[in-house]
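[1] missing the sequence, but the structure's below:
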């Protein structure tokens, strides 16, 4: 399974994620996140290569973080195991370099707030700034 994921460090953080497919609204959870993507745990994964907009509800942010992503891989409920739950691996998509940097900064801050600077820095592969 690890060959499907990008190489960015992942953090075990549970966030609410909301997205829409056709005219149906879904609310699921993400349990890990990296600067390059996330895994959305769901029994209704979208098809591989589907691009969609989703919103992550993050405490201390007034508005949900709206991101564009592309489904890279899926685990259907019938194939799910305790170590590989049903869901979809999402690769973040960006309009430009500025949007990528801004999103990565938010993800880094989220990881530092949830895990502490030291562990988040290890997952990300660099020392985090402790500036407020």
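    It's in. Everything numeric here is computed off the predicted structure, so don't read it as measured data.
[2] and the strands in this structure?
    11-21, 24-33, 37-41, 51-57, 65-75, 87-93 (DSSP state E).
[3] tell me which residues of the fourth one come out buried.
    Residues of strand 51-57 classed as buried: 54, 55, 56 (neighbour count, 16 or more other Cβ atoms under 10 Å). In short, each C-beta sits where N, CA and C put it, glycine included.
[4] from the contact counts, what lies against that strand?
    strand 11-21, strand 65-75 (3 or more Cβ pairs under 8 Å, 6 or more residues apart in numbering; DSSP states H and E).
[5] follow-up on the earlier one: what's the closest of the buried residues of strand 51-57 to residue 48?
    residue 54 (16.0 Å; Cβ to Cβ).
[6] count the residues that sit near the closest residue to residue 50 other than its chain neighbours.
    Nearest residue to residue 50, sequence neighbours excluded (Cβ to Cβ, 6 or more residues apart in numbering): residue 71, at 4.7 Å. Residue 71 has 18 neighbours, counted by other Cβ atoms under 10 Å.
[7] repeat for residue 32
    19.
[8] got it, and the one 4 residues further on?
    Other residues within reach of residue 36 by the criterion other Cβ under 10 Å amount to 19.
[9] that one contacts residue 91, doesn't it?
    Yes. Using Cβ atoms under 8 Å, residue 36 is in contact with residue 91, at 6.3 Å.
[10] sorry, back to before: tell me what the residue nearest to residue 50 is bridged to.
    Here residue 71 sits in beta bridges with residue 90, as judged by DSSP bridges.
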